[in-house]
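Undergrad: After the sequence you'll find the predicted model.
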Amino acid sequence: MLCNPKDSTLRQVLQETATIAMVGASTNPVSPSLFVATYFGGRGRRVIPINPTRVGETLLGEPVLASIRDIPPNVRIDMLDVFRKSDAVPGIVDEALAHLAPGLKCVWMQYGVRHEAAAEKARAQGLVVVQDRCPKVEHMRLLGGPNLAGIGGVRVSSKNPGNR
């Protein structure tokens, strides 16, 4: 059973997150991970990109790392954002628990990504776990900004304002 935190907890996590490690980050201009990274980078968050197939590239001024283990020990990660298939989650969570403690506060799995056993393991270590949701969408919903209804709550339409 998918059990995500209450909105108040999500809001707190999103407000307190300064640095995000993004597993599965991509520099591809049409990649959803790039949209999320750019969104948070534009809001003053540091995004540490992790993708073994993109090592040597940069994303938002940060070098793309091969794995969580490559994050320097002096960099405190608040949120781990997972853009990988569900079957990769247990290994990612294990690596995060081994290398990002004690600063890590949240493991966030993107749309379509869930793994209850790995989530339970992270929760047992005191982490907030979110599955099958997008932090960008939740940030917009809970803390303002562009949303599904338009920009800043104003409905965007191609129709003439007099014809609505």
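TA: Alright, I've got the coordinates.
Undergrad: and the residue nearest the centre of the chain, what does it touch?
TA: Geometric centre of the chain, nearest residue: residue 81, 3.3 Å, by C-alpha atoms, centre = their mean. Listed by C-beta atoms under 8 Å, 6 or more residues apart in numbering, the contact set of residue 81 reads 20-23, 36, 108, 110, 135. All C-beta spots, glycine's among them, are computed from the backbone N, C-alpha and C.
Undergrad: Now a ChimeraX select for only the buried ones of these.
TA: For the buried members of the contacts of residue 81, the matching ChimeraX selection, counting by 16 or more other C-beta atoms under 10 Å, is:
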select :20,21,22,23,36,108,110,135
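Undergrad: Looking at the contacts of residue 81, which are in helices?
TA: Applying DSSP state H to the contacts of residue 81, the entries found in helices are 36, 135.
Undergrad: would you say the residue nearest to the centre of the chain is within a strand?
TA: Yes: under DSSP: H, G, I helix; E, B strand; the rest coil, residue 81 sits within a strand.
Undergrad: per-residue confidence at it?
TA: pLDDT, residue 81: 98.
Undergrad: and of the contacts of residue 81, the nearest to residue 126?
TA: Nearest to residue 126 among the contacts of residue 81, counting by C-beta to C-beta, is residue 108 at 15.3 Å.
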